[in-house]
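Visitor: take this sequence and fold it.
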Amino acid sequence: MTVLRSSTPKARKAHACSICTEPIEAGTVYHCQAVVGDDCVYSWRTHTHCRLLAKAAWDADYCDPWEHTQSAEDVNEWLRRDCIEEQARAVAGDAGVAVWRAVQP
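Guide: As a prediction, the model looks like this:
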């Protein structure tokens, strides 16, 4: 996976978050990366709070060590197994807690 460009635009239309799959509403500032991987180019769009949770999961080694990549499932696995509610709140505020609660069994 190669990141071609990284930006934090304001959404002109709704997009699905690549991590939580919830909508990124128009007018919301979000994180966007243009990525080359799996023989194609695609956009990886995330809420700001989901990006913060992804970074915390990365720091906890929830990623593919061989590919040096991270998927939405890696983040969700960390949220289910090793993250506690207070940690999600500390990393990404109330929005992070909402994502944490959504993936709990």
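
Visitor: from here on, contacts and neighbour counts on C-alpha atoms
Guide: Fine.

Visitor: tell me how far the residue of the chain most remote from its centre lies from R89.
Guide: Most distant from the centre of the chain: D39, at 21.5 Å, with distances by Cα atoms, centre = their mean. Using Cα to Cα, to the nearest Å, D39 is found at 37 Å from R89.

Visitor: go on, W78?
Guide: W78 is 15 Å from R89, where distance means Cα to Cα.

Visitor: higher neighbour count, these two?
Guide: Neighbour totals were compared for W78 and R89, and W78 leads with 21 against 17 (other Cα atoms under 10 Å).

Visitor: where's that one, which helix or strand?
Guide: In this assignment (DSSP states H and E), W78 forms part of helix 72-81.

Visitor: buried set for that helix?
Guide: D74, V75, N76, E77, W78, L79, R80 (16 or more other Cα atoms under 10 Å).

Visitor: contact partners for the third one?
Guide: So that's N76. When contacts are counted by Cα atoms under 8 Å, 6 or more residues apart in numbering, N76 touches I19, V103.

Visitor: where does it land on pLDDT?
Guide: In this prediction, N76 carries a pLDDT score of 89.

Visitor: for the longest helix seen in the chain, packing partners?
Guide: Using DSSP state H, we find that the single longest helix of the chain is helix 85-103. Counting contacts by 3 or more Cα pairs under 8 Å, 6 or more residues apart in numbering; DSSP states H and E, helix 85-103 packs against helix 48-59, helix 72-81.

Visitor: which residues are contacting that helix?
Guide: C20, H49, C50, L52, L53, A56, N76, L79, R80.

Visitor: what residues does stretch 44-55 touch?
Guide: With Cα under 8 Å, 6+ apart as the criterion, stretch 44-55 contacts 15-20, 24, 29-35, 75, 88, 91-93, 95-96, 99.

Visitor: so for it, mean pLDDT?
Guide: 93.

Visitor: with stretch 85-103 instead?
Guide: Rounded mean pLDDT across stretch 85-103 is 92.

Visitor: distance between that stretch and the chain's centre?
Guide: 12 Å (Cα atoms, centre = their mean, to the nearest Å).
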